[in-house]
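**Student:** Test case, fold it:
(chains A and B)
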Amino acid sequence: MGKLKVLHYINQFYAGIGGEEMADVAPELREGAMGPGLAFNSGYGDEAEITHTIVCGDSFFNERLDEAKELILDMVKSVKPDLFVAGPAFNAGRYGVACATIAYEVLSQLGIPVLTGMYEENPGVDMFRDKLYIVATRNSAAGMRDAVSKMVPLSLKLARGETIGASAEEGYHPTGVRVNFFEKERGSKRAVKMLLKKMAGKPFTTEFPMPDFDRVPPNPAVKDITKATVALVTSGGIVPKGNPDRIESSSASKYGEYDITGVMDLTAETYETAHGGYDPLYANQDADRVLPVDILREFEAQGKIGKLHNKFYTTVGNGTAVKSSKVFAEEFSRKLVNDGVDVVILTST
Amino acid sequence: MKLEVGYIDITDIQFSDKASLQDGVLYVDRDAITAMILEDERIRAVELDIAKPGESVRITPVKDVIEPRVKVEGPGEIFPGVLSKVQTVGSGRTHVLRGAAVVTTGKIVGFQEGIIDMTGLGAEYTPFSKTFNLVANFTPVDGLTAHDYENALRLAGLKMAKALGELGREVEPNEVKTYEHLPVMQGAEKYPELPRVGYVQMLQSQGLMHDTYVYGVDMKQSLTTMISPTEVLDGAIISGNCVSACDKNTTYHHLNNPVIHDLFEAHGKTLNFAAMIITNENVYLADKERSSDWTAKLVEYLDLDGVIISQEGFGNPDTDLIMNCKKIEAVGTRTVIITDEYAGRDGTSQSLADADASADAVVTGGNANQVVVLPKLDKVIGTLDYVDKIAGGFENNLQEDGSIVVELQAITGATNELGFNRLSAR
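**Tutor:** Numbers count the residues shown, from 1 in each chain, chains lettered A, B, ... in the order given. Okay, the predicted model is just below:
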């Protein structure tokens, strides 16, 4: 395999045209590498080479966005590179946004592997971190050597379609996708070191930043339960005996919808749990313990509730991704609403 | 409390007519071990086998893994309150057959057990691909309840480990380490300049296949309490759980608790390892509130500057973890928590079932939902009948070529939350 062909995007400043006063210059395609591109080329060695450079003023890009995108994409098409590298932009806001925006266009429109780099506070990071790899750099061009040393290997991996490791290994800003990798030290050792730093008031980096937790406020109380249609939904894994849909015991990929028309009581012969995360014995003896059909039938007969809905929805909560749970619930919630259900009793385990 | 631990390195394991330990080779008397196991009338049959590192062997479903140890000097015996009288252990001298393990397997309640591969990709994720394993595959008598069977299996594994450990009693260890845990005031006087650090270990206690025993006490029936870390090295804490296998602590993990070891290593240098607190992870909210109130209360009484909190399991215990963290931070003690993640097979989902801003220092053992393809191996000890039902397995995951597609969840110890492994995620 010959050298990979790299197209490099930089702004007017790094092209040596000028500073803010020259930020209006239109995109221009030049042959060869320039400015930071020279450092990239020496890093690439025999593996790859920047054959062309696109220079564009930051104001031009950000103020005439559609025009800039079109002009630049045409240039990329004419060069047909194996890899598109933009920046690094460090903490230059408009340059960072331009690098990430155009890199994303090249990736999504042309399917060419792309990489850019910038400082964590650059607005380009938050706008595009979940869409493309952005290498974490220092906040000024003093960090050029460090940035290039991370961008060169990662961009080569991307161009070759190799597996990309975790952010901590490769040096990119976390994308929101959790990726496994092997650390140098075991977890307990890392915990001791992190605690020593935290107690001393020194900076430390958590391995998992806490998410904004999705808390759901309860609905207002039901006005008249004696007229309401009540449905049962559970994450406790109650299924007809034999688990006909093979809902997984953990990390469920699906939910079940089962008809309970005429079912007065769940028995050991007719229902069981598919859940692998709790002692199943008691639920298998009497699944009403998790999905209280028997009591609701009594309430129905006594007029304490309007009626019990003839279908229940069930899945296994054990290790099931929150994202999957949301997809399940969005789907069957619509069915429940369409079926005129007023109340859902949600049971866990 | 001062404990000398003598490590005898095991370099091979073989069946033999006579049990002995010579030059690092563990000779196992198969008939004697079998007879010992069958003394328990709840067990109908047992098959013993050996699995060595690098062999094309898959062990599944795995119930527990136990390291052979023997108390050579000092009060009590190994696994106090379970195999021997209740007597405080953790001082004197203990010998360890380092590199050997007993692995128990057999059908238990259908789904809920783990996989140990001795070679290939799976071997990279479980620590027990590196140990010389004596594997026991049990069959219970007909009609035995799940709870009784779990109990029988748990005790049988411990007995086997004790019997093997006994062979190391008179053997000169390859390495001897001393672990000393000082009374609170003495520690404070000895290391006035060092931060006082504690270890809060959360023990799984959610019911069958999710229980942990301390000196024989079912932890779900205990209030949060204190223990000397040296007691743990003598088998004061044993595992009664294996579901899901990736982040449950086997008895082997307890005996080799890496948080204890790494805190001891830093003790007297960068910190004062002042106390160890054990708490449970019960399923009821009132229990969670009570137990986490108590961890924070004990941390405050002990005047600790910082603690490491290790979780066991996921989902429901995420709530206990966050309660412990939040309440301990609220009494002014700094925390680092060790957990693992369930971020979905594509890694894009929320990793924990609970969260709080005070949990700002997290060590993760990796995303347990990551899917791996385990190659077909030549020999299976146990049975593949359950690999689609175990936690981490799914329908039709046993491929035609004999390979198995599973989440890391299914692999014993893969995302351990004591920080036993190097696996992590970002």
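
**Student:** Run through the helices of the stretch 1-150 of chain A in chain order.
**Tutor:** A:36-44, A:58-63, A:65-79, A:93-105, A:123-128, A:144-160 (DSSP state H, counting those that start in this stretch).

**Student:** so who does the residue in chain B that chain A sits nearest to touch?
**Tutor:** Residue nearest to chain A within chain B: B:Gly419 (2.7 Å; C-beta to the nearest C-beta). Backbone N, C-alpha and C define where each C-beta goes, glycine included. Contacts here follow C-beta atoms under 8 Å, 6 or more residues apart in numbering or on different chains; on that basis B:Gly419 touches A:186-191, B:258-259, B:262, B:310, B:338, B:363, B:365.

**Student:** could you dump those to CSV with pLDDT?
**Tutor:** CSV is the format used below for the contacts of B:Gly419 (pLDDT from 0 to 100):
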residue, pLDDT
A:Arg186, 98
A:Gly187, 98
A:Ser188, 98
A:Lys189, 98
A:Arg190, 98
A:Ala191, 98
B:Pro258, 98
B:Val259, 98
B:Asp262, 98
B:Ser310, 98
B:Ile338, 98
B:Val363, 98
B:Gly365, 97
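
**Student:** Which ones among those residues map onto helices?
**Tutor:** A:187-191, B:258-259, B:262 (DSSP state H).

**Student:** follow-up on the earlier one: what two of the contacts of B:Gly419 have the greatest distance between them?
**Tutor:** Longest distance between any two of the contacts of B:Gly419 is 14.6 Å, between B:Asp262 and B:Gly365; criterion C-beta to C-beta.

**Student:** near chain B, which residues of the stretch 201-349 of chain A?
**Tutor:** Counting by C-beta under 8 Å from any C-beta of the partner chain, the residues of the stretch 201-349 of chain A lying close to chain B are A:204, A:206-211, A:213-214, A:246, A:248-251, A:253, A:276-281, A:317-324, A:349.

**Student:** that older thread, can you flag the buried ones in the contacts of B:Gly419?
**Tutor:** For these, a burial check counting by 16 or more other C-beta atoms under 10 Å in any protein chain shown picks out A:186-191, B:258-259, B:262, B:310, B:338, B:363, B:365.

**Student:** Closest to A:Ser108 out of those residues?
**Tutor:** Looking across the buried ones among the contacts of B:Gly419 and measuring by C-beta to C-beta, the closest to A:Ser108 is B:Gly365, at 34.5 Å.

**Student:** dump the residue contacts of that closest one.
**Tutor:** Counting by C-beta under 8 Å, 6+ apart, B:Gly365 has contacts A:187, B:247, B:338-341, B:414-417, B:419, B:421, B:423-424.

**Student:** before we move on, what about A:Lys227?
**Tutor:** By C-beta under 8 Å, 6+ apart, the residues touching A:Lys227 are A:306, A:342.

**Student:** Could you tell me how far it is located from chain B?
**Tutor:** 31 Å (C-beta to the nearest C-beta, to the nearest Å).

**Student:** what pLDDT does that residue get?
**Tutor:** Per-residue confidence (pLDDT) for A:Lys227: 95.

**Student:** what do you get for A:Glu248?
**Tutor:** For A:Glu248, the pLDDT comes out at 89.

**Student:** Could you report the neighbour count for it?
**Tutor:** A count of nearby residues for A:Glu248, using other C-beta atoms under 10 Å in any protein chain shown, gives 29.

**Student:** and it, what element?
**Tutor:** Assigned by DSSP states H and E, A:Glu248 belongs to neither a helix nor a strand.

**Student:** pLDDT weak spots in the stretch 51-200 of chain B?
**Tutor:** B:108-113 (pLDDT under 70).

**Student:** do chain A as well
**Tutor:** A:1, A:213-214.

**Student:** let's see 80
**Tutor:** A:1, A:211-215, A:277, A:319, A:349 (pLDDT under 80).

**Student:** residue with max distance from the center of it?
**Tutor:** When distances to the mean C-alpha position of chain A are computed (C-alpha atoms, centre = their mean), the maximum falls on A:Gln302, with 49.1 Å.

**Student:** Okay, it and A:Val341: tell me how far apart.
**Tutor:** 20 Å (C-beta to C-beta, to the nearest Å).

**Student:** One more: B:Val72?
**Tutor:** Distance from B:Val72 to A:Val341, by C-beta to C-beta: 67 Å.

**Student:** Same question for B:Tyr284.
**Tutor:** 29 Å.

**Student:** These two - which one has more neighbours?
**Tutor:** In this view B:Tyr284 and A:Val341 are compared by other C-beta under 10 Å, and A:Val341 has more residues nearby, 18 against 9.

**Student:** List the residues that contact that one.
**Tutor:** A:229-231, A:309.

**Student:** List the residues that contact the closest residue to chain B within chain A.
**Tutor:** For chain A and chain B, the shortest gap (C-beta to the nearest C-beta) falls at A:Gly187, measuring 2.7 Å. Shown in contact with A:Gly187 (C-beta under 8 Å, 6+ apart): B:258, B:338, B:363-365, B:416-422, B:424.

**Student:** rerun at 6 Å
**Tutor:** B:338, B:363, B:365, B:419 (C-beta atoms under 6 Å, 6 or more residues apart in numbering or on different chains).
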